[in-house]
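K.L.:
Predicted model follows, preceded by the sequence.
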2 protein chains.
Amino acid sequence: MTAQTPPSKGTRLDPWFGSYAQRAHNMRASEVRALFAVANRPEVVSLAGGMPNLNDLPMDIISKTVSDVVLHEGLVALQYGSGQGHERLREHILDVMRLEGISAHPDDVVVTTGSQQALDLVTRIFIDPGDVIVAEAPSYVGALSVFRSYEADVAHVPLDAHGLIPAALEETLTRLEREGRRAKFLYTIPNFHNPAGVTISLERRHEIIEICQRHGLLIVEDNPYGLLGFDGTTHPAMRSFDEDGIIYLGSFSKTFAPGFRIGWAVAPHAVREKLVLAAESAILCPSHASQLAISAYLEQCDWQGQIAEFRTMYKGRRDAMISALSEHLPDASWNVPDGGFYTWVKLPPGLDAKSMLPRAVTGRVAYVPGTAFYYDGTGADHMRLSFCYPTEDNIREGVRRLAHVVSQERDAVELFGTSPQLDDVTDVDAPGPDIA
Amino acid sequence: MTAQTPPSKGTRLDPWFGSYAQRAHNMRASEVRALFAVANRPEVVSLAGGMPNLNDLPMDIISKTVSDVVLHEGLVALQYGSGQGHERLREHILDVMRLEGISAHPDDVVVTTGSQQALDLVTRIFIDPGDVIVAEAPSYVGALSVFRSYEADVAHVPLDAHGLIPAALEETLTRLEREGRRAKFLYTIPNFHNPAGVTISLERRHEIIEICQRHGLLIVEDNPYGLLGFDGTTHPAMRSFDEDGIIYLGSFSKTFAPGFRIGWAVAPHAVREKLVLAAESAILCPSHASQLAISAYLEQCDWQGQIAEFRTMYKGRRDAMISALSEHLPDASWNVPDGGFYTWVKLPPGLDAKSMLPRAVTGRVAYVPGTAFYYDGTGADHMRLSFCYPTEDNIREGVRRLAHVVSQERDAVELFGTSPQLDDVTDVDAPGPDIA
């Protein structure tokens, strides 16, 4: 034990540096992350963030429902509640999941502080340091951050236009077993993947479940975007095919609003019990005020009509993104997502999305470099472009600026043979609400 | 890796039992906990819970402020926010803490999902399995649950009527050093302690800080009840005497309402950075809706007047508790708390609060046995009685029933020589909102 030497005021020395847990040494604010403080300036078009567009929400009606909740149910809404979540909301969540073919009981549902917390709790109850989590390549930056904070290893499995590739999953699991390594679960985003934008085909869903059952591997199915298919298609959840082997994570953040921080997990019975105990230890209980506000919204507003409006609006933005890419960045390649928030863009050869980012921000456009979505920091040849928050005009302007940055970058690469590197850039270690 | 064998429907077998992390094996629902499901029935007077009494809150005004927040700031209130918390609320939090002599900058504050989450995050960044946390004996059940979930050891230090005993702290730290064990922080509740009801004297605060500085030990000061002193006294926070060695935890749950789940931490700069990264990994960001609702409440309502009303109301309930104890349980002993929610009662010799609990619940009264507040499950000669939630009449009736149960228990002890034991009772492992 070293004696405490308080730093002089204003210095950045950390007298507690020697006291941190092992896991905390993985928590660093990266330089990429620091750039997003700049990227949030109004003159920058941010194609980086995962914030939904809330302009179409009926604020007057929501205001009234929230007001009524406090006025008529204040003693409940403002009080502590159950660690598992309010039963009324858990019933409503069943209605939402029924759209994806899920049949469950309110007892199976655990309400969480956004589905991010569900991810944290699942990882908490399953992962010892060194355990392996299998995830798509690329995968959600916020999940990778959770996995890192629990000192997991991640085995990435490639995806293609039809989602996670079953043969590659089989190969990875077989290799892990041969190496004597312990995989604890498969983490997957089957619908409108973040960041890749792809959806796992129905045939593959069955194959993946069969492979995981055969290998004794739990599946964590993360589905924040499932109801945001642009042609109105709702794919059946993997959970609808297997109750005992899948933990399903849902969220109101993209289909209603993230500001209440309400998501949920559906888990096999014994796992659900552990999740509730872990949740109580972490936060005692989720916000009653938020839960009753969302319950009232679901009861009094046309939430399905609202989701249909969202779909149309996001489809328009997706179209603006794709046509702008075709016009301004013909040498890059990308997928055309059928739903969700993101396009996954492969840069022309020789370019590095991470080292280019500071110059993009200088050029008043921001994106998330592909490196954020790989546990090992590879993926610099890709970037994620979001079309959820900026208007169609801003999307077009952002892609135009991006094309200009890319063009300058190519000239530099041709001249110097390589793209100038950011010094000692670490990966995006914490997702940050800006880019999740 | 064992192959998954799905259980037949309706069984409680857990096919994932072999997959849990080491820490999850400490997460068990105890039998004591199960009793609280019964204790919540209306015919039972619960002196167990830590729920505040919200009847005096001006629900009409709060309803209006919440409604205005959504109507006029909906696009912010319903959106993702900063992982550290909204700046407006962090400014207000400075006003609250100024009452306790704390001078800080908004940058020092991290808004959390209740102060329970702050506890979780602090433990997450500092504790490796086997690390030692020093805490009062007894200590807050919800903190012990967090510490257990991170596989910490807890070294209890006794307290008396003037709070944590400095000489005992010195002795414990010296012993730990001699044993080569690594203590990471002192966890203390200086004001109106949960469960002991005592307050650390001013002189001792300085002594404790000096001891911890000398031993290089961080202090985690948990202060949910500090503004609820019955004679209006507000004790200066330990954080007001030391900025670099103390993490301060605050909460709106007891001075306003727990339903928004908003607490906060104030930490030295580098620690605060880690806390924000850990928070983003855990939940992305705290609820904007909750934060703006509380900001509006603090701006538009007489929150200090409301706290003064709470003090008077809780003082009345404390008085009811103490006079009922004097009348009905003269052979027990207890402290007379100057604030907060709890009385710590020592039972007459030979009685065991844990084994007596099922019979108390049958006798339509509930409490929390002292064992919940010790890491090693000792403390069965004590019980915590809460006077926060039940009315004065119910408190008197509850103590009357409790006295009847105690009387029967003493007869049984005299007859059989020992109190009948609960079979294989585990400790209260998760706090549960019912008893926190």
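P.N.:
Looks like it arrived, so ask away. Here the structure is a predicted model, which means the values were calculated and not measured.
K.L.:
For stretch A:17-26, which residues meet the burial criterion?
P.N.:
A:Ser19, A:Tyr20, A:Ala21, A:Arg23, A:Ala24, A:Asn26 (16 or more other Cβ atoms under 10 Å in any protein chain shown). To be clear about C-beta, it is placed using only N, CA and C from the backbone, and glycine gets the same treatment.
K.L.:
And for stretch A:75-89?
P.N.:
When burial is assessed from 16+ other Cβ under 10 Å, stretch A:75-89 yields the following buried residues: A:76-89.
K.L.:
Does at least one residue of it sit close to chain B?
P.N.:
Yes: under the criterion of Cβ under 8 Å from any Cβ of the partner chain, stretch A:75-89 makes contact with chain B via A:Leu75, A:Val76, A:Ala77, A:Leu78, A:Gln79, A:Tyr80, A:Gly81, A:Ser82, A:Gly83.
K.L.:
so what's the residue nearest to A:Gly379 when sequence neighbours are not counted up against?
P.N.:
The shortest distance from A:Gly379 to any non-neighbouring residue, by Cβ to Cβ, 6 or more residues apart in numbering or on different chains, is to A:Gly370 (3.3 Å). A:Gly370 is in contact with A:Pro138, A:Pro195, A:Trp344, A:Ala353, A:Lys354, A:Thr378, A:Gly379, A:Ala380, A:Asp381, A:His382, A:Met383, A:Arg384, counting by Cβ atoms under 8 Å, 6 or more residues apart in numbering or on different chains.
K.L.:
just to revisit the earlier point, among the buried residues of stretch A:75-89, which lie within helices?
P.N.:
Under the assignment DSSP state H, the buried residues of stretch A:75-89 contribute A:Val76, A:Ala77, A:Glu87, A:Arg88, A:Leu89 to helices.
K.L.:
Which residue, neighbours along the chain excluded, lies closest to the first one?
P.N.:
Using Cβ to Cβ, 6+ apart and skipping the chain neighbours, the partner closest in space to A:Val76 is A:His288 (6.4 Å).
K.L.:
Report how many residues lie close to that neighbour.
P.N.:
As a burial measure, A:His288 scores 26 neighbours (other Cβ atoms under 10 Å in any protein chain shown).
K.L.:
Touching, it and A:Ser82? I think so.
P.N.:
No: assessed by Cβ atoms under 8 Å, A:His288 is found out of contact with A:Ser82, at 9.0 Å.
K.L.:
which of the contacts of A:Gly370 tops the neighbour count?
P.N.:
Ranked by neighbour count (other Cβ under 10 Å), those have A:Met383 at the top, with 31 neighbours.
K.L.:
now the longest strand seen in chain A, how far from the chain's geometric center?
P.N.:
Taking DSSP state E as the criterion, chain A has its longest strand at strand A:153-160. Counting by Cα atoms, centre = their mean, to the nearest Å, strand A:153-160 is centred 16 Å from the centre of its parent chain.
K.L.:
So for the very next helix or strand once past it, mean pLDDT?
P.N.:
Following strand A:153-160 in sequence order, the next helix or strand is strand A:163-164 (DSSP states H and E). Confidence over strand A:163-164 (mean pLDDT, whole number) is 98.
K.L.:
again with stretch A:346-353
P.N.:
Mean predicted lDDT for stretch A:346-353 stands at 95.
K.L.:
That one spans what distance, first to last residue?
P.N.:
Start and end residues of stretch A:346-353 are separated by 9 Å (Cα to Cα, to the nearest Å).
K.L.:
Could you do stretch A:336-348 as well?
P.N.:
End-to-end for stretch A:336-348, by Cα to Cα: 18 Å.
K.L.:
Counting neighbours, which bits of that stretch end up buried?
P.N.:
Result for stretch A:336-348 [16+ other Cβ under 10 Å]: buried residues A:Pro337, A:Asp338, A:Gly339, A:Gly340, A:Phe341, A:Tyr342, A:Thr343, A:Trp344, A:Val345, A:Lys346, A:Leu347, A:Pro348.
K.L.:
Show only the entries of these found in strands.
P.N.:
A:Tyr342, A:Thr343, A:Trp344, A:Val345, A:Lys346.
K.L.:
sorry, back to before: can I get the buried residues of stretch A:75-89 in CSV with distance to B:Leu176 and pLDDT?
P.N.:
Below are these laid out as CSV (distance: Cβ to Cβ, whole Å; pLDDT from 0 to 100):
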residue, distance to B:Leu176, pLDDT
A:Val76, 45, 97
A:Ala77, 45, 97
A:Leu78, 42, 98
A:Gln79, 40, 96
A:Tyr80, 35, 95
A:Gly81, 39, 93
A:Ser82, 38, 92
A:Gly83, 33, 94
A:Gln84, 38, 96
A:Gly85, 40, 97
A:His86, 43, 97
A:Glu87, 46, 97
A:Arg88, 48, 97
A:Leu89, 45, 98
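K.L.:
Would you check that A:Ile307 makes contact with A:Leu227?
P.N.:
Yes: under the criterion of Cβ under 8 Å, A:Ile307 makes contact with A:Leu227 at 5.3 Å.
K.L.:
intersection of neighbour lists for those two?
P.N.:
Common neighbours of A:Ile307 and A:Leu227, counting by Cβ under 8 Å, 6+ apart, are A:Thr255.
K.L.:
the more surrounded of those two?
P.N.:
Set A:Ile307 next to A:Leu227 and count neighbours by other Cβ under 10 Å: A:Leu227 wins out with 24 against 18.
K.L.:
The one residue in the stretch 151-300 of chain A that gets nearest to chain B: what's its closest spatial neighbour, skipping adjacent residues?
P.N.:
The nearest approach of the stretch 151-300 of chain A to chain B comes at A:Ala270, 3.3 Å away (Cβ to the nearest Cβ). Spatial nearest neighbour of A:Ala270, excluding adjacent residues (Cβ to Cβ, 6+ apart): B:Asp14 at 3.3 Å.
K.L.:
just A:Ala296 next, same as before
P.N.:
A:Thr65 (4.1 Å).
K.L.:
contacting residues around the residue nearest to A:Val76?
P.N.:
Counting by Cβ under 8 Å, 6+ apart, A:His288 has contacts A:Val76, A:Ala77, A:Leu78, A:Gln79, A:Tyr80, A:Gly81, A:His86, B:Gly259.
K.L.:
rerun that using 6 Å as the cut-off
P.N.:
A:Ala77, A:Gly81, B:Gly259 (Cβ atoms under 6 Å, 6 or more residues apart in numbering or on different chains).
K.L.:
Could you report the pLDDT at it?
P.N.:
pLDDT, read off for A:His288, is 97.
K.L.:
do the same with A:Val425
P.N.:
In this model, A:Val425 is scored at 42, pLDDT.
K.L.:
wait, does stretch A:205-221 contact chain B?
P.N.:
Yes: judged by Cβ under 6 Å from any Cβ of the partner chain, stretch A:205-221 comes into contact with chain B at A:Gln213, A:Gly216.
K.L.:
what's next to that stretch, contact-wise?
P.N.:
Defining contact as Cβ under 6 Å, 6+ apart, one finds that stretch A:205-221 is touched by A:122, A:166, A:169-170, A:173, A:183, A:185-187, A:238-239, A:241-242, A:245-248, B:1-4.
K.L.:
Please produce a ChimeraX select command covering the buried subset of the residues you listed.
P.N.:
In ChimeraX, this line selects whichever of those come out buried by 16+ other Cβ under 10 Å:
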select /A:122,166,169,170,173,183,185,186,187,238,239,241,242,245,246,247,248 /B:1,4
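K.L.:
Just the contacts of stretch A:205-221: which are in helices?
P.N.:
Counting by DSSP H, the contacts of stretch A:205-221 contribute A:Val122, A:Pro166, A:Leu169, A:Glu170, A:Leu173 to helices.
K.L.:
give the contact list for the last one.
P.N.:
So the one you mean is A:Leu173. Counting by Cβ under 6 Å, 6+ apart, A:Leu173 makes contact with A:His215.
K.L.:
8 Å - rerun?
P.N.:
Neighbour list for A:Leu173: A:Val134, A:Ala183, A:Ile211, A:His215, A:Leu217 [criterion: Cβ under 8 Å, 6+ apart].
K.L.:
This completes my enquiry, with thanks.
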